[in-house]
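Q: give me a model of this one.
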Amino acid sequence: MKRNLPAALLAFFVTAAFAYANDLDKQLKSDYVGKTMTLRQFYSGEHLRFHSDGTLDGKARTGAWTVDGQIAIEDIHLSGALLQIAARRIWVGFDSQHKPVDLLVSLQQPEFKQYRELRNTLRDLKVNIDIEFPKQNADEKEISSAMNAVFLSDTESIVDIVPDFWRSYVGGKPRPSQDAPTPTEPVYFIKPGAVSGPWANYAPDPEYSKEARIAKLNGTVVLWLVVGSDGKPKDIRVVRPLGLGLDEKAVEAVSTWRFRPGQKDGQPVATMVNVEVTFHLF
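A: As a prediction, this is how the structure comes out:
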C-alpha cells in the first residue's frame, strides 16, 4: 500500500492541477472573449509577443490608434508559461456624430449590405498576442497584472496614450507642445477689419493610408492649429476625424505647410485657424 501512495498522490495533484487550469481557462474566456481591448502601444503586425511586465519581445512598428490600437478578443488560453490571445484588429471609423465606431460592427447595418467584400476583409484582420510569464501556470492575479501591463484597464482612458494632437478630441487637456507659440507671442482670433487670417502658400497634399485605400474611405479631416507670426503651423489638434490613419496623414501633411501669417495693424501675428484636409480617391 505504501508503494502505491506516491503514485496516488501524483495522480491526485495532476487531477487537481488539470481541474484548476480548466477552471482558470473558463474564467479567462468569461472575462475577456468578446471584449474590446486597447493596446498601450499601438503596435502593428499579425503576431505580437510581450513579457508579463508589458515590454515587447522583439520589434514592431507603431501605427495609428484607429488602425493598430484596438482589438476584439476571440479566444484566450493559458498554456504553461504562455498566455495566448487570438483577436481581431479593429479599424476605427467615425459616425455622423463624429464618434468612434468599430467599422466592422458599423457595416453590419442593413443599409451597408453592399459592402460584403469589405466586411470580409475586416473579419480577417487577425492578430495573435502572446504574453510570456517567468514561470509555468500563472495564477489569475498574475494574468490580470500582465493584461493590465499590455492593455489599458477598464478604469483608464485612451487620452493618456494618444499623440498630443488627439488629446482634446478624446476628452483630455492638450499638453503644451514644444512648438507652441512662446508666451511673448500673443495668439489672436481672426476678426474682419482688425485681425486678418493667414493663407497657405505651400500646401502639399497628404498621403492616403493603406487601410483607408482598402476601405475606399473619402472625406474631410478638420484640424485646429495656430499659425505663428513666422507662418509655421503649431499646436495642431484634431477637431473632426475620419479614422483609418487618415487623421495622422492630415497632421503630417499640414505640419509641412507654410502660410502667409495673419496681420494686425500691418504686422504679422499668430492666429488660430481651422484647416480642412480633404481625402478623395479618384
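
Q: neighbours around the closest residue to Leu152 other than its chain neighbours, how many?
A: With sequence-adjacent residues excluded and distances taken as Cβ to Cβ, 6 or more residues apart in numbering, Leu152 is closest to Thr38, at 4.5 Å. Where you see a C-beta, it was placed from the backbone N, CA and C, and this is true even at glycine. The tally of other residues near Thr38 (other Cβ atoms under 10 Å) stands at 18.

Q: from Leu242, how far off is Thr38?
A: 19 Å (Cβ to Cβ, to the nearest Å).

Q: kindly report the same for Tyr202.
A: Taken as Cβ to Cβ, the span from Tyr202 to Leu242 is 23 Å.

Q: looking at those two now, which is surrounded by more residues?
A: Leu242 (25 against 10).

Q: quick check, Ala86 in contact with Asp130.
A: No - Ala86 lies out of contact with Asp130 (Cβ atoms under 8 Å); the separation is 10.2 Å.

Q: where's Glu46 relative to Ser153, distance?
A: Relative to Ser153, and taking Cβ to Cβ, Glu46 is found at 25 Å.

Q: list the residues that contact the nearest residue in space to Tyr43 that is not next to it in sequence.
A: Nearest residue to Tyr43, sequence neighbours excluded (Cβ to Cβ, 6+ apart): Ala60, at 4.1 Å. Neighbouring residues of Ala60 by Cβ atoms under 8 Å, 6 or more residues apart in numbering: 43-45, 48.

Q: buried subset of those residues?
A: 43, 45, 48 (16 or more other Cβ atoms under 10 Å).

Q: what's the distance between the first one and Gln70?
A: To tie it back to what came earlier, the one meant is Tyr43. 12 Å.

Q: again, but for the last one
A: Applying Cβ to Cβ, one obtains 13 Å for the distance of Leu48 from Gln70.
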